[in-house]
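In: need coordinates for the following:
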Amino acid sequence: MKQVPSAWQGAILVCGKCSKKLDGGFGKKGRTPLAKLLRKILGVGKGRKATLGVVETRCLGLCPRNAVAMIDGRAPGTWLVVPKDADVAELTARLAAGPAPAARNQT
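Out: As a prediction, this is how the structure comes out:
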């Protein structure tokens, strides 16, 4: 088995089906897909040399209305639902900061 090195520190999974239903839905004119806008704002680029991977997947199965389902691979226990026309700057700041520490289950 061959291994290929990557600079990724995590992966952001964006539901492609949700993005397609919104016809983009983000950016100044509301026509840019979320994955493309995240890549641009975070400045991570494409491919394995990027520091953070932004991957548009097939349907994640959540299917929110007028929103896009998204998973931060660094915190897979919490899925995000990003509404159409949401403040993407706030979202990218949250993603750039990294995942929030997991809450401990106190019983």
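In: host element of residue 17?
Out: Assigned by DSSP states H and E, residue 17 belongs to helix 16-22.
In: buried residues of that helix, list them for me.
Out: For helix 16-22, the neighbour count (16 or more other C-beta atoms under 10 Å) marks 16-19, 21-22 as buried. Every residue, glycine included, has its C-beta placed from N, CA and C.
In: average pLDDT for it, rounded please.
Out: Mean pLDDT, computed over helix 16-22, is 93.
In: so how far is it from its chain's centroid?
Out: Chain-centre distance of helix 16-22: 13 Å, with C-alpha atoms, centre = their mean, to the nearest Å.
In: got the contact list for that helix?
Out: Applying C-beta atoms under 8 Å, 6 or more residues apart in numbering, the contact partners of helix 16-22 are 25, 33-35, 56-60, 62-64, 66-69, 84.
In: nearest to residue 47, of the buried residues of helix 16-22?
Out: residue 16 (18.2 Å; C-beta to C-beta).
In: just the strands in this protein please.
Out: For the chain, applying DSSP state E gives strands covering 11-15, 53-57, 67-72, 79-83.
In: how about those in a markdown table, adding distance to residue 44 and mean neighbour count?
Out: Formatted as a markdown table, the strands of the chain follow (distance: least, C-beta to C-beta, whole Å; neighbours: other C-beta atoms under 10 Å):
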| stretch | distance to residue 44 | mean neighbour count |
| --- | --- | --- |
| strand 11-15 | 9 | 22 |
| strand 53-57 | 6 | 19 |
| strand 67-72 | 13 | 22 |
| strand 79-83 | 17 | 17 |
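In: need these in CSV (columns: distance to residue 29).
Out: Formatted as CSV, those follow (distance: least, C-beta to C-beta, whole Å):
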stretch, distance to residue 29
strand 11-15, 19
strand 53-57, 20
strand 67-72, 17
strand 79-83, 17
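In: alright, calling it a day.
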